[in-house]
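Engineer: here is my input, please return the structure:
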Amino acid sequence: MFLALLFPAIDPVLIEFGPLAVRWYSLAYIAGLLLGCVYMGRLAQRMPDVLSADVAMDFMTWATVGVILGGRVGYILFYKPAFYLDNPMQMMYVWQGGMSFHGGLLGVVLAGLLYTRRQKIPALVFADIVACAAPIGLFFGRIANFINSELYGRITDVPWAFVFPNGGPQPRHPSQLYEAALEGLVLFILVNVLWRTEFVRNRPGFAASVFILGYAAARSTVELFRQPDAHIGFLFLGSTMGQWLSVPMILVGLFFLIRSWRLTT
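Structural biologist: Predicted coordinates:
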């Protein structure tokens, strides 16, 4: 008989005002974006000759649009294209979940390119600042996934397993917490420690490349414990969609890492 930890009884809805509901999932996005941009502003103060601290908060609106639109479009295209083709109105039901990190990343990249071009600031330098702050949003997002009892792990007998309300009677890996630790805490420490060295700051794009590679490695590893989406299941040789979507990230990350290694400012 498997033992499991008691899943915390946290209502995904924090407060309700009639038909309106404030969800932890929404608060996670708000907290991640707000704290991330505030942190970017503090980092920008170390580079006053290149960036202004006001630039970070000014970018928050652009980042919000990029994350939401990119994340939603990415989920629709990568995970449920047939379903949303048959139910186009549900594309707008963001509050029901269904966001893709890989899509959100592409959305933020596009927003960042447009913003840096408009502000006439170095795109790769700005990308490094964004990369230092991005794990903050990832951490809060994964905690919200845990509260929502979604994206849970595979069945296991480890002593820290949980029986998730939406995951059946068997204990499962808390893969959301694994991702919060690796994609959030570990990646935050790694990228920020590196960025604080003169070697990395003098090579624009280096920190961003480490973030991309670090996320791809963390996501691919946690996918070994995470339950695949029911409508997709396992792919070639037991791989998952999350792992396949991380392959282009590895290629792009390696390209910019090698490129930035050869550069000096």
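Engineer: what stretches of this protein score poorly on pLDDT?
Structural biologist: 1-3, 18-19, 94-97, 264-265 (pLDDT under 70).
Engineer: list the backbone torsions phi and psi for the residue nearest the centre of it.
Structural biologist: Nearest to the mean C-alpha position of the chain, counting by C-alpha atoms, centre = their mean, stands residue 138 at 4.1 Å. Dihedral angles of residue 138 (phi, psi; degrees, to the nearest 10) stand at phi -60, psi -40.
Engineer: apart from its neighbours in sequence, what residue is nearest it?
Structural biologist: Nearest non-adjacent residue to residue 138, counting by C-beta to C-beta, 6 or more residues apart in numbering: residue 183, 4.4 Å away. The way it works is simple: take the backbone N, C-alpha and C, and place the C-beta from them, glycine included.
Engineer: so what's the residue count around the one you found?
Structural biologist: 25 (other C-beta atoms under 10 Å).
Engineer: residues contacting it?
Structural biologist: 135, 138-139, 142, 215, 218-219, 222 (C-beta atoms under 8 Å, 6 or more residues apart in numbering).
Engineer: ok, 6 Å please
Structural biologist: By C-beta atoms under 6 Å, 6 or more residues apart in numbering, the residues touching residue 183 are 138, 215, 218.
Engineer: returning to what we had before: from residue 80, how far off is the residue nearest to the centre of the chain?
Structural biologist: 22 Å (C-beta to C-beta, to the nearest Å).
Engineer: now swap in residue 91 and tell me
Structural biologist: 10 Å.
Engineer: which phi and psi does the spatially closest residue to residue 232 that is not a sequence neighbour have?
Structural biologist: Nearest non-adjacent residue to residue 232, counting by C-beta to C-beta, 6+ apart: residue 241, 5.4 Å away. When quoted as degrees, to the nearest 10, the phi and psi of residue 241 stand at phi -60, psi -40.
Engineer: mind listing what's buried along stretch 119-137?
Structural biologist: Buried residues in stretch 119-137, counted by 16 or more other C-beta atoms under 10 Å: 123-137.
Engineer: same deal with stretch 196-214?
Structural biologist: Going by neighbour count (16+ other C-beta under 10 Å), the buried part of stretch 196-214 is 200-201, 203-214.
Engineer: try stretch 28-39
Structural biologist: Counting neighbours by 16+ other C-beta under 10 Å, stretch 28-39 gives 28-29, 31-33, 36-37, 39 as buried.
Engineer: can I get the residues you listed in a markdown table with secondary structure?
Structural biologist: Compiled in a markdown table, the buried residues of stretch 28-39 are given as follows (DSSP: H, G, I helix; E, B strand; the rest coil):
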| residue | secondary structure |
| --- | --- |
| 28 | helix |
| 29 | helix |
| 31 | helix |
| 32 | helix |
| 33 | helix |
| 36 | helix |
| 37 | helix |
| 39 | helix |
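Engineer: just those residues now: which is nearest residue 45?
Structural biologist: Closest approach to residue 45 among the buried residues of stretch 28-39 (C-beta to C-beta): residue 39, at 11.0 Å.
Engineer: and that closest one, how far from residue 33?
Structural biologist: Residue 39 is 11 Å from residue 33, by C-beta to C-beta.
Engineer: same deal with residue 148?
Structural biologist: Taking C-beta to C-beta, one finds residue 148 at 18 Å from residue 33.
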